[in-house]
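S.K.: When you get a sec, could you give me coordinates for this:
(chains A and B)
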Amino acid sequence: MIKARKFFGEHILPPLLGLGMFVLVWGLISQTSESLPGPLKTWNSAVILFTDPFYQNGPNDQGIGWNVMYSLGRVGIGFGLAALIGIPLGFMIGRFDFLNKMAAPIVSMLRPVSPLAWLPIGLLVFNASNPAAIWVIFISSIWPMIINTAVGVRQLPQDYLNVARVLNLSEWKIFTRILFPATLPYMLTGIRLAIGTAWLVIVAAEMLTGGVGIGFWVWDEWNNLNVEHIIIAIFIVGIVGLLLEMMLVRLAKRFSY
Amino acid sequence: MKSYVQIESVQMSFSTRQGEFVALRDIDLKIERGEFITLIGHSGCGKSTLLNLIAGLLLPTAGVMLCADREIAGPGPDRGVVFQNHSLLPWLTCFDNVYLAVERVFSATEDKALLQQRTREALALVHLTHAEHKYPHEISGGMKQRVGIARALSMQPKVLLMDEPFGALDALTRAHLQDELMKIVAATNSTVVMVTHDVDEAVLLSDRIVMMTNGPAATIGEILTVDLPKPRNRLALTNDARYHALRGGVLEFLYQKQAKEAA
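M.R.: Reported below is the predicted structural model:
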């Protein structure tokens, strides 16, 4: 009983209090502004929105569920392609110093570029908005994967390599039994950073490309001047991002030695 | 008659920024089959370097090194190494850590069941059958070192090389593992080269103690033959005058002939 109360006091009460205050401040601000809807109005709007999240009225009017799913789909494809290319590339850059020196200037030059700057190139090359959005996600998530995988390979303790040498292991065994497992935690950090950025970028990319997706939905609702829906979208983006992060943290914990 | 391990006028130097650094010079050592050799000396005397040379992790700049009549040209499973810091792979269970070594040496000639049996036998030898499915972080330091020994022995090496294997352990665990090692070596009739800086450990375990001079350009100072009868018992030896004489001999070498100022 005391334990339960202590748990409540330490882990449940503070976040609830924080959220409560957030809603309170939001409510107060909305009182002073005519255009900003308050929490209650937004809540009522959300209830209506979520009673039928998967309706389909033509290509530009689909339920909120579909919008989120489409965005996640784009992130999934762009991110998956980035992993497919970035992780092996990271291994090679980490293992061979020559390749590292070759790649270093390119990576350091392109990494700070906002992924959205790549959107026109994508539109130009693919002649369609959907692959262009995926392309932007690909570019935004490939850097952390390359860099973290390469760092992981380079951090490989000499002890493990000595074991490999003393046992005279084949290159394949070295990769599967030593290099890959030793690098996995670094790789997962890269993946976590990548998916964070990808989810951040998809909203902006979809605002520009249109089509079904949470980013375009925000833009559409702005054009409809439906501010409640924009606020709801912000919460949805935040919660989905949080869930993605939590998923990967759990995965990373599973593979920490 | 040729010896099992032969080291002839071996020199080892490293190129550093300050130029050539000679770590070892004029090393001549013959090790017979079934012998237990310890290398002892102050830190920096190159005893680990000598062990790494026998392991093949380093190659000598001059001289000849032979193991069972074959030149040592690199690391190989005929020389099992037990590292100071156990060097177990943390993502593999104790069983899999040993299996990795067994598989490398015997998979060409034996099927999986036999390889698994070898792995279990190696773990049984160090009394770790109960921990075979545990991961390294789940077992104590002494147990980890025992898995390291099992891994090295499982390859049935011609020579077992140990680099201060018990250095990181507490005194009681160390004594326990020394006793176990004596039994294992007696049972398997292994040839062992062990680096240590523990005088008692050297006298207790060795057939011969190779005492090294201070570096740089270290070499073998004296070789002390330990003719105490086997099996040895650490308690009985505490009252044995010969034991104390040998121990005194090593101490005299280390603290009088090769006295070193505190670093």
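
S.K.: Could you use CA atoms for every contact and neighbour count after this?
M.R.: OK.

S.K.: Return the nearest residue of the stretch 101-250 of chain A with respect to chain B.
M.R.: residue A:166 (5.1 Å; CA to the nearest CA).

S.K.: Test my guess that that residue contacts residue B:83.
M.R.: No. The criterion here is CA atoms under 8 Å, and residue A:166 misses it with residue B:83 at 10.4 Å.

S.K.: residue ranges with poor pLDDT in the chain?
M.R.: Assuming you mean chain A. A:1, A:257 (pLDDT under 70).

S.K.: right idea, wrong chain: chain B
M.R.: If you take pLDDT under 70 as the line, chain B has these spans: B:1-2, B:261-263.

S.K.: Contact residues of it facing chain A?
M.R.: Contact residues (CA under 8 Å from any CA of the partner chain) of chain B with chain A: B:55, B:57, B:75-77, B:79-81, B:87-91, B:101, B:104, B:137.

S.K.: List the buried residues in the lengthiest helix in chain A.
M.R.: Secondary structure of chain A read by DSSP state H shows that its longest helix is helix A:64-95. When neighbours are counted by 16 or more other CA atoms under 10 Å in any protein chain shown, the buried residues of helix A:64-95 are found to be A:64-68, A:70-72, A:74-83, A:86-87, A:89-95.

S.K.: Tell me which stretches of the chain form helices.
M.R.: Looking at chain A here, since you left the chain open. Under DSSP H, chain A gives helices at A:2-7, A:13-32, A:39-51, A:64-95, A:97-110, A:119-126, A:129-154, A:158-167, A:171-173, A:180-209, A:214-223, A:227-254.

S.K.: other chain: chain B
M.R.: Along chain B, the stretches classed as helices by DSSP H are B:47-55, B:94-106, B:112-125, B:141-154, B:171-188, B:199-205, B:234-237, B:241-252.

S.K.: Show me what the fourth one is packed against.
M.R.: Secondary-structure packing of helix B:141-154 (3 or more CA pairs under 8 Å, 6 or more residues apart in numbering or on different chains; DSSP states H and E): strand B:79-82, helix B:94-106, helix B:112-125, helix B:171-188.

S.K.: quick one, what contacts the closest residue to residue A:131 other than its chain neighbours?
M.R.: Distances taken as CA to CA, 6 or more residues apart in numbering or on different chains put residue A:122 closest to residue A:131, at 7.3 Å, once the chain neighbours are dropped. Contact analysis of residue A:122 by CA atoms under 8 Å, 6 or more residues apart in numbering or on different chains lists A:131-133, A:135-136.

S.K.: ditto for residue A:99
M.R.: The neighbourhood of residue A:99, defined by CA under 8 Å, 6+ apart, consists of A:92-93.

S.K.: didn't residue B:28 look like it was pressed against residue B:5?
M.R.: No. At 10.7 Å, residue B:28 and residue B:5 do not qualify as touching, with contact defined as CA under 8 Å.

S.K.: Between those two, tell me which one has more neighbours.
M.R.: Neighbours were counted for residue B:28 and for residue B:5 using other CA atoms under 10 Å in any protein chain shown; residue B:5 has more, 23 against 16.

S.K.: Just grab the bridge partners of that one for me.
M.R.: Beta-bridge partners recorded for residue B:5 (DSSP bridges): residue B:31, residue B:67.

S.K.: I'd say it and residue B:70 touch.
M.R.: No. The criterion here is CA under 8 Å, and residue B:5 misses it with residue B:70 at 9.2 Å.

S.K.: Pick the most buried one from the helices of chain A.
M.R.: Of those, the one with the most neighbours on average (mean count of other CA atoms under 10 Å in any protein chain shown) is helix A:129-154, at a mean of 25.

S.K.: tell me what that one is packed against?
M.R.: Packing partners of helix A:129-154 (3+ CA pairs under 8 Å, 6+ apart): helix A:64-95, helix A:119-126, helix A:180-209.

S.K.: at 10 Å instead, please
M.R.: Under the contact criterion of 3 or more CA pairs under 10 Å, 6 or more residues apart in numbering or on different chains; DSSP states H and E, helix A:129-154 touches helix A:64-95, helix A:97-110, helix A:119-126, helix A:180-209.

S.K.: any chance of these in TSV, with distance to residue A:32 too?
M.R.: Supplementary listing: the helices and strands packed on helix A:129-154 in TSV, determined by distance: least, CA to CA, whole Å:
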stretch	distance to residue A:32
helix A:64-95	29
helix A:97-110	44
helix A:119-126	39
helix A:180-209	29
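
S.K.: For residue A:56, which of those helices is the nearest?
M.R.: Evaluated over these, closeness to residue A:56 peaks at helix A:64-95, with 8.5 Å, by CA to CA.

S.K.: Could you report the neighbour count for residue B:205?
M.R.: 25.

S.K.: I misspoke; the intended subject was residue B:119.
M.R.: The number of residues packed near residue B:119 is 29, by other CA under 10 Å.

S.K.: got a list of what it touches?
M.R.: Contacts were defined as CA atoms under 10 Å, 6 or more residues apart in numbering or on different chains; by that measure residue B:119 touches B:94-103, B:113, B:125, B:129, B:132, B:150-151, B:153-155.

S.K.: what about it, distance to chain A?
M.R.: For residue B:119, the distance to chain A (CA to the nearest CA, to the nearest Å) stands at 15 Å.

S.K.: now swap in residue B:116 and tell me
M.R.: Taking CA to the nearest CA, one finds residue B:116 at 17 Å from chain A.

S.K.: Could you pull up the contacting residues of residue B:243?
M.R.: If you count contacts by CA under 10 Å, 6+ apart, residue B:243 has them with B:200, B:203-204, B:226-228, B:234, B:236-237, B:249.

S.K.: And residue B:154, by the same measure?
M.R.: B:77, B:80, B:98-103, B:105-106, B:115, B:118-123, B:125, B:148.

S.K.: coming back round to it: so what sits against both of residue A:166 and residue B:83?
M.R.: With CA under 10 Å, 6+ apart, residue A:166 and residue B:83 have common neighbours residue B:152.

S.K.: Not counting sequence-adjacent ones, nearest residue to the residue of chain A most remote from its centre?
M.R.: No residue in chain A sits farther from the centre than residue A:166, which is 41.7 Å out by CA atoms, centre = their mean. Of all residues beyond its chain neighbours, the one nearest residue A:166 is residue B:75 (5.1 Å), with distances taken as CA to CA, 6+ apart.

S.K.: Might one say that the one you found is in contact with residue B:55?
M.R.: Yes. At 5.6 Å, residue B:75 counts as touching residue B:55 under the criterion of CA atoms under 10 Å.

S.K.: Alright, I will stop here.
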